[in-house]
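S.K.: only geometry, no sequence info:
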């Protein structure tokens, strides 16, 4: 039930944009996005609860396509502070207490 | 507000030894979770609790036991440690189930020799 994330890793220069994708083979109830810096705990970014929902947080936004069972995280005008590993977590309609995390996308922003 | 705290931060065990990891939260959250994180595997749910006195199995529960005797504490036990349990363990808590954010503790790095 683990969602698949792509790409596995990406390197950006400051100011560039990136898209991280998360797809599931199962129907989805919600999608969570977290960022984890090296040696630290994951930190919540946003939750998308409805198909078609889009959210934004500073210059980081996400969309959720319920039909396609996938979500995308958009990072625009990247900053050095955006570096880290991004995880999506998915919840199925029947497993409300179980959050299944993807294997992560390592994002590195260089000057 | 300390949020979610975990003790210990680091531990080295020999195969067959037992230990308990403690997680505490001061946000009055009903839901608490234990995850393990291995390189290239992401976070995997071990056990979780939907309230004081309740526990349930997650994705990878074998070799672990948990208890939630008090609302603010969630304990993870390893009965007989194995090298395959070498990992970083994270505890998390949330106000509701899947619709609310999870707050993570700083993690415990466990090595089993």
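M.R.: Yes, it's here. Please read these numbers as outputs of a predicted model, since none were measured by experiment.

S.K.: next one, pLDDT for the closest residue to residue A:75 other than its chain neighbours please.
M.R.: Nearest non-adjacent residue to residue A:75, counting by CB to CB, 6 or more residues apart in numbering or on different chains: residue A:18, 4.7 Å away. Quick note: C-beta positions are derived from backbone N, CA and C, even for glycine. We have a pLDDT of 96 for residue A:18.

S.K.: just confirm residue A:18 contacts residue A:11, I think it does.
M.R.: No. Between residue A:18 and residue A:11 there is no contact under CB atoms under 8 Å: 9.5 Å.

S.K.: if I look at residue A:107, how far off is chain B?
M.R.: 15 Å (CB to the nearest CB, to the nearest Å).

S.K.: packing partners of the one helix or strand that residue maps to?
M.R.: Residue A:107 belongs to strand A:105-110 when assigned by DSSP states H and E. Contacts defined by 3 or more CB pairs under 8 Å, 6 or more residues apart in numbering or on different chains; DSSP states H and E place strand A:105-110 against strand A:9-13, strand A:18-23, strand A:84-91.

S.K.: work out the gap between the shortest one and the centre of the chain.
M.R.: If I follow you right, that is strand A:9-13. In terms of CA atoms, centre = their mean, to the nearest Å, the centre of strand A:9-13 is set 15 Å apart from its chain centre.

S.K.: packing partners of it?
M.R.: strand A:18-23, strand A:105-110.

S.K.: adjacent strands (with direction) for the first one?
M.R.: Right, the one you point to is strand A:18-23. When pairing is defined by DSSP bridges, strand A:18-23 lines up against strand A:4-6 (antiparallel), strand A:70-75 (antiparallel).

S.K.: winner for burial among the ones you listed?
M.R.: Comparing the strands paired with strand A:18-23 by mean neighbour count (mean count of other CB atoms under 10 Å in any protein chain shown), strand A:70-75 ranks first with a mean of 21.

S.K.: against residue B:46, how distant is the nearest residue to residue A:59 once chain neighbours are set aside?
M.R.: The shortest distance from residue A:59 to any non-neighbouring residue, by CB to CB, 6+ apart, is to residue A:76 (4.7 Å). The gap separating residue A:76 from residue B:46 is 36 Å, by CB to CB, to the nearest Å.

S.K.: which one's more surrounded, the two?
M.R.: For residue A:76 and residue B:46, the more surrounded residue by other CB atoms under 10 Å in any protein chain shown is residue B:46, and the numbers stand at 24 against 15.

S.K.: thought the more buried one was touching residue B:60?
M.R.: Yes. The pair residue B:46 and residue B:60 qualifies as a contact (CB under 8 Å) at a distance of 5.6 Å.

S.K.: got JSON lines for the helices and strands packed on strand A:9-13, with mean neighbour count too?
M.R.: Below are those laid out as JSON lines (neighbours: other CB atoms under 10 Å in any protein chain shown):
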{"stretch": "strand A:18-23", "mean neighbour count": "19"}
{"stretch": "strand A:105-110", "mean neighbour count": "17"}
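
S.K.: re the thing from before, could the strands paired with strand A:18-23 go into a markdown table alongside mean pLDDT?
M.R.: Output for the strands paired with strand A:18-23, formatted as a markdown table (pLDDT from 0 to 100):
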| stretch | mean pLDDT |
| --- | --- |
| strand A:4-6 | 95 |
| strand A:70-75 | 94 |
